[in-house]
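Asks: Task: produce atomic coordinates for the following.
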Amino acid sequence: MTAPMFYVSPEQQIKDRADFARAGIARGRSVVVARYRDGVLFLAENRSQSLRKVAEIYDRIGFAAVGRYSEFENLRIAGIRHADIRGYAYDRRDVGGRMLANAYAQVLGTIFSTVTEKPYEVELVVAEVGLDPAGDQLFRLSFDGSITDERDFSVMGGSAEAIAAALRETYATDLALPRALAQVAAAFGAAHGEPLGVEAAEAAVLDRTRHQARKFRRLAAAEVAAALEPPPAPKRRSRSRSRGGVGETAV
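Replies: Predicted structure coming up:
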């Protein structure tokens, strides 16, 4: 006896696959990629010291992702190989963020449209730092291969809407790095109801002011802490009088 065959419309198949991918992405902790005065800032909520959500792809190109780690790690490695081959075959200047984003879009779109494969539960941002702020580019890629050219910042993950709403109220792209880092961290705090701690922060930048060809740099814990934790209030000094004369006492 043969098993009965059930018909599912193409529209329903696409909706089911999209809902499956969105549910996986929503379980991921959020990542913000934002332009600042000297480049592009990456800040992710990530307590792991080895499973990175932010990485370098090429000289001026960075990568951030949320979702299933094994899947976006495969995409990261494939992107590095693709960029290296193109830079070797032609010129390093031919490797750009738009080229890499288009390559990712083709891969994700093919996987999503192939019914026999599970759709990737990932969302990506490919960022490129320019020679000046006008040349900075942020490309956001969804699980189905669609690309969005973001203007000032991009937020991914389960709390994306709340964090984006907080950033729209306060964020400006002409901020110095410490101030930009503090404002993005404050948006995490506004969305979660508690501040983002240093132990839960993964931070990096594409810094156009670096003299090296490679502009990607991870921020040390001390640098993140200096931006996230307010400095201690200075001690007040008061004068106290005694019978022997005038003295000064710190309180």
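
Asks: Please make it C-alpha for all contacts and neighbour counts, starting now.
Replies: Noted.

Asks: Pull up the per-residue confidence for residue 134.
Replies: The predicted structure scores residue 134 at 94 on the pLDDT scale.

Asks: Can you tell me how far it is from residue 101?
Replies: Separation of residue 134 from residue 101 (Cα to Cα, to the nearest Å) stands at 19 Å.

Asks: How about residue 198?
Replies: Computed with Cα to Cα, the distance linking residue 198 and residue 101 is 30 Å.

Asks: Show me the helices in the stretch 51-200 of the chain, by range?
Replies: Under the criterion DSSP state H, counting those that start in this stretch, the stretch 51-200 of the chain contains helices at 69-89, 97-113, 160-170, 177-192.

Asks: I'd like those helices as TSV, with distance to residue 218 appended.
Replies: Supplementary listing: these in TSV, determined by distance: least, Cα to Cα, whole Å:
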stretch	distance to residue 218
helix 69-89	17
helix 97-113	19
helix 160-170	22
helix 177-192	13
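
Asks: Which of those sits closest to residue 226?
Replies: For those, distance to residue 226 was read as Cα to Cα. The smallest value, 7.8 Å, belongs to helix 177-192.

Asks: Need the residues that contact that closest one.
Replies: Residues from elsewhere that reach helix 177-192, judged by Cα atoms under 8 Å, 6 or more residues apart in numbering: 32, 36-38, 41, 43, 159, 162-164, 166-167, 170-171, 195-196, 224, 226-228.

Asks: ok, now which ones touch residue 194?
Replies: Counted by Cα under 8 Å, 6+ apart, residue 194 has zero contacts.

Asks: Next, it: phi, psi?
Replies: Backbone dihedrals for residue 194, given as degrees, to the nearest 10, come out at phi -150, psi 150.

Asks: Residue 149 versus the closest residue to residue 130 other than its chain neighbours, what's the distance?
Replies: Among residues not flanking residue 130 along the chain, residue 136 sits closest, at 4.7 Å (Cα to Cα, 6 or more residues apart in numbering). Distance, residue 136 to residue 149, using Cα to Cα: 11 Å.

Asks: Filter the contacts of helix 177-192 down to just the buried residues.
Replies: In these, burial by neighbour count holds for 32, 36-38, 41, 43, 159, 163-164, 166-167, 171, 196, 224, 227-228, counting by 16 or more other Cα atoms under 10 Å.

Asks: re the thing from before, with neighbour numbers in mind, choose between residue 136 and residue 149.
Replies: Remark: of residue 136 and residue 149, residue 136 carries more neighbours, 22 against 15, as counted by other Cα atoms under 10 Å.

Asks: circling back: pipe the helices of the stretch 51-200 of the chain into a markdown table and attach mean pLDDT and distance to residue 50 per row.
Replies: A markdown table is the format used below for those (pLDDT from 0 to 100; distance: least, Cα to Cα, whole Å):
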| stretch | mean pLDDT | distance to residue 50 |
| --- | --- | --- |
| helix 69-89 | 96 | 12 |
| helix 97-113 | 96 | 24 |
| helix 160-170 | 94 | 23 |
| helix 177-192 | 94 | 21 |
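
Asks: quick one, which of the ones you listed is packed in tightest?
Replies: helix 177-192 (a mean of 20; mean count of other Cα atoms under 10 Å).
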